[in-house]
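[1] Predicted model and sequence below, questions to follow.
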Amino acid sequence: MQRINLAVNGKPYQVEAGADTPLFWGLRDTLGLSGTKLGCGMGLCGACKVHLHGDAVRSSSQTPVGCVGDRQVTAIEGLSTDRSQPVLRGWIADKVQKGSYCQPGQIMQAASLPAKKPLPSKKEIDEAMNAKFAAAVPIREFAGPSTARRERLLDDASSGSKSA
């Protein structure tokens, strides 16, 4: 075990863990951030997604705390403290079913897209979302925001707009 410095949701932390400990466990066990879900436990399903320096990454198996370095980690709790983040607003406005265990990962994946592709096409949205989740049902068939709504929300996120 060693002390590892992490910057999570805009705050500095020190966690005591092995360098190969999955980031997921550092967030949940050490910092008490329970919004990120374990899902399959192997990093395949995408429920464990967090942002690492703006990129959506799987925190359960593919991102050890020792590899984070000085890059900023954003967990679902840090995405928006006032629910103003456009993708999060869309999830709330569309009254997305609350029982879907992988929704935090879906939200984190969707929220990372505008930084990479400010004005994504419908095809790019579908590819980015479907390719990142190993679910039997494509993401667009989950009870998430409709494709048209996702496109508008991602456009809003790209432009900084606050429309709902």
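    Perfect, thanks for sending it.
[2] Now L79. Nearest residue, chain neighbours left out?
    Computed as CB to CB, 6 or more residues apart in numbering, the closest residue to L79 that is not its neighbour in sequence is Q85, at 5.3 Å. C-beta coordinates here come from the backbone N, C-alpha and C atoms, glycine included.
[3] these two touch, right, that neighbour and E77?
    No - counting by CB atoms under 8 Å, E77 is not a contact partner of Q85; they are 11.8 Å apart.
[4] mind checking pLDDT for the residue nearest to L79?
    On the pLDDT scale, Q85 is placed at 85.
[5] show me the contacts for P12.
    5-6 (CB atoms under 8 Å, 6 or more residues apart in numbering).
[6] Quick check: it is in a helix.
    No - under DSSP: H, G, I helix; E, B strand; the rest coil, P12 falls outside any helix and is assigned strand.
[7] Specify the beta-bridge partners of it.
    A7 (DSSP bridges).
[8] Please report the distance of it from G32.
    16 Å (CB to CB, to the nearest Å).
[9] now T74
    Taken as CB to CB, the span from T74 to G32 is 16 Å.
[10] where does this protein dip in pLDDT?
    Low-confidence segments of the chain, defined by pLDDT under 70: 97-99, 131-164.
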